[in-house]
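1. sequence first, then the predicted structure:
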Amino acid sequence: MQIYKVGGAVRDRLLGKPITDIDWVVVGATAEEMLAKGFRPVGSDFPVFLHPKSGEEYALARTERKSGRGYGGFTFHASPEVTLEEDLIRRDLTINAMAEDDHGALTDPYHGQQDLENRLLRHVSPAFAEDPLRVLRVARFAARYAGLGFQVAPDTLELMRQLSESGELEALTPERSWKEISRALMEDHPQVFIQVLRDCGALKVLLPEVEALFGVPQPAAHHPEIDSGVHTLSVLEQAALHKQPLSVRWACLLHDLGKGLTPQSEWPQHIAHEHKGLKLIKQVNERFKAPRDCQELALLVGQYHTHGHRALELKPSTLAELLQSFDVYRRPQRFEEFIAACEMDARGRLGLEERAYPQADYLRGAATAARTVAVQPLLEQGFKGPELGEALKRERLKALKAYKEQRLP
């Protein structure tokens, strides 16, 4: 029995990056031997075991053969005869197909170290094209390592293109797709993930609503970058630069989908794109079964982001309706995330990345002013039931009128 550290832990050590997870592969052992040593089996698809003390995953060396469609369409074979090289060749990228023994000696049969030095994301073997999930994984690695200058190798991009055209991407489950998409959006350069998907033809399969934004012009006065798709990538870039959470990044990706529905005859104007985009945002949310907080924020940002930009011009009654729409009295954090998404939208414009966004503080102040209205005095005046709700609305509107007068000249 020989044990090797494999995959990401080896790659990241060579890159000088922090190691978060360690995967191990065991060569020359049987499942019975692993159990005898106290390892605990996990999963039923293939032989993976948890270390009795560290809890880390140890997998028996295995080969795989395509047996059906999609990510799960594989038959695995594990036995003591499977070599380390045979196990490594089934992996996706050369930089993930290296192993290290307990003395630190590197096994690198597919030249992963050379590709690390050349900053290339390259597939290990033609079997890469058998697994559609790898399209998403490679795009995610491109987003992770873009800051180090990594590019997808041209021959790998071609295989990704073939996979995108094969119909295999449609076989991915919503859960697997969302796992990759959500992880990619949280990388340092999530816009690269979207761009790579577009470069290989996967974006029009997975997110046709986002693909439709590219080539759609916007008014140059507000959008010097002109192109709606380019703007979306820039908004995502700003969200990452400002360390926004996943819900905000998801909302940033989907906020302008309505512009893809504007007839060419109306370009570059996009009248009511906020309302038109809601059905598209909803279908994307449902397609990937996004978490509820991501779904809700994306819909609210899609509908109200232009309210955010015009915050200083809004009538007190419109401000009151906006705050009510976000349930800001019980869910203040969601309104804070809305403000963040609006600010990222404003900064995701060519040459305007550093422009001040006074709307953010104004909206926060408005929320505070409305929240300071106390219920107790109204109860003491005898209001109850629906009448109490109406009285509370009136008092909050008064507070917002006073706030607006105080803030604006």
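-> Perfect, I can see it now. Residues are numbered from 1 along each chain as shown.
2. quick one: buried residues of stretch 24-33?
-> 24, 25, 26, 27, 28, 29 (16 or more other Cβ atoms under 10 Å). Every C-beta, even on glycine, is put in place using the N, C-alpha and C of the backbone.
3. now do the contacts for residue 33.
-> The contact partners of residue 33, taken as Cβ atoms under 8 Å, 6 or more residues apart in numbering, are residue 1.
4. so for it, what pLDDT did the model give?
-> pLDDT for residue 33: 91.
5. can I get the strand or helix carrying it in CSV? Just the C-alpha atoms.
-> Residue 33 belongs to helix 31-36 when assigned by DSSP states H and E. Extracted in CSV, the C-alpha atoms of helix 31-36 (Å, rounded to 0.1, in the frame of the first residue of the first chain):
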residue,chain,number,x,y,z
ALA,A,31,-11.4,-1.8,0.5
GLU,A,32,-11.1,-4.6,3.1
GLU,A,33,-7.6,-3.4,4.0
MET,A,34,-8.8,0.1,4.4
LEU,A,35,-11.6,-1.0,6.7
ALA,A,36,-9.2,-3.1,8.7
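6. which is the next helix or strand following it?
-> strand 40-42.
7. which elements pack onto that following strand?
-> helix 31-36, strand 48-50 (3 or more Cβ pairs under 8 Å, 6 or more residues apart in numbering; DSSP states H and E).
8. ok, 10 Å please
-> Here strand 40-42 touches helix 31-36, strand 48-50, strand 57-60, going by 3 or more Cβ pairs under 10 Å, 6 or more residues apart in numbering; DSSP states H and E.
9. using CSV, lay out the ones you listed together with distance to residue 299.
-> Shown next, in CSV, are the helices and strands packed on strand 40-42 (distance: least, Cβ to Cβ, whole Å):
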stretch, distance to residue 299
helix 31-36, 48
strand 48-50, 39
strand 57-60, 38
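10. out of these, nearest to residue 224?
-> Proximity to residue 224 (Cβ to Cβ) singles out strand 57-60 among the helices and strands packed on strand 40-42, at 48.8 Å.
11. for residue 356, give me its contacts.
-> Going by Cβ atoms under 10 Å, 6 or more residues apart in numbering, residue 356 touches 343, 346.
12. can you classify it by secondary structure?
-> Secondary structure assignment for residue 356 (DSSP: H, G, I helix; E, B strand; the rest coil): coil.
13. re the thing from before, for the buried residues of stretch 24-33, which one is nearest residue 377?
-> So of these, ranked by how close each gets to residue 377 (Cβ to Cβ), first place is residue 24, at 65.3 Å.
14. residue 121 versus residue 154, what's the distance?
-> 11 Å (Cβ to Cβ, to the nearest Å).
15. one step back: the helices and strands packed on strand 40-42: which one's closest to residue 102?
-> Residue 102 sits nearest to strand 57-60 of all those, at 13.2 Å, using Cβ to Cβ.
16. noted, bye for now.
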